[in-house]
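> heads up, no residue letters with this:
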């Protein structure tokens with residue numbers, strides 16, 4: 001199914017996934033800005049917990065990119081019936 005077909009058939013799911021992707025990128029930059037690079041504690045806004053948060057957000061972004069990549073694929077398409 002192409003991305004245009006996915007938007008036409010499941011508009012709310014596609015728009016919701018796009019909204020989650022935009023929100024994730026905004027939160028990514030917010031976490032990056034709020035990290036205290038000099039603090040080496042494991043609790044609070046330290047560099048270690050910030051990097052772990054960025055890794056988790058990065059994994060979510062990768063999954064959403066893969067989702068939109070699959071929406072753009074044309075194959076596997078349904079076979080015509082009866083087979084020739």
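Looks like it arrived, so ask away. Quick caveat, the model's predicted, so the values are computed rather than measured.

> For stretch 62-70, buried residues please.
64, 67 (16 or more other Cβ atoms under 10 Å). In short, each C-beta sits where N, CA and C put it, glycine included.

> what's next to that stretch, contact-wise?
For stretch 62-70, contacts defined as Cβ atoms under 8 Å, 6 or more residues apart in numbering pick out 3, 17, 18, 20, 21, 24.

> Those: which two are farthest apart?
Within the contacts of stretch 62-70, 3 and 24 form the most distant pair, 19.0 Å apart (Cβ to Cβ).

> all helices of this structure, in order?
With DSSP state H, the ranges of helices along the chain come out as 3-9, 11-34, 47-71.

> Make TSV from the ones you listed and add mean pLDDT and distance to residue 40 to it.
What follows is the helices of the chain, written out as TSV (pLDDT from 0 to 100; distance: least, Cβ to Cβ, whole Å):
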stretch	mean pLDDT	distance to residue 40
helix 3-9	68	44
helix 11-34	88	16
helix 47-71	86	7
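
> now those in a markdown table, with distance to residue 81?
Formatted as a markdown table, these follow (distance: least, Cβ to Cβ, whole Å):
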| stretch | distance to residue 81 |
| --- | --- |
| helix 3-9 | 20 |
| helix 11-34 | 28 |
| helix 47-71 | 24 |
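
> closest one to residue 82 among the ones you listed?
Short answer: helix 3-9, nearest of these by Cβ to Cβ, at 24.4 Å.

> Tally up the residues packed near residue 50, please.
19 (other Cβ atoms under 10 Å).

> show me the contacts for it.
Contacts of residue 50 by Cβ under 8 Å, 6+ apart are 31, 32, 34, 35, 36.

> ok, the second one touching residue 54?
Yes: between residue 32 and residue 54 there is a contact under Cβ atoms under 8 Å: 6.6 Å.

> Please indicate which of the contacts of residue 50 are buried?
31, 35.

> For residue 9, state which of the contacts of residue 50 is nearest.
Residue 9 lies nearest to residue 31 out of those, by Cβ to Cβ, at 34.6 Å.

> what's across from the residue lying closest to residue 40 once chain neighbours are set aside in the sheet?
Nearest non-adjacent residue to residue 40, counting by Cβ to Cβ, 6 or more residues apart in numbering: residue 46, 6.3 Å away. Going by DSSP bridges, residue 46 is paired in beta bridges with residue 36.
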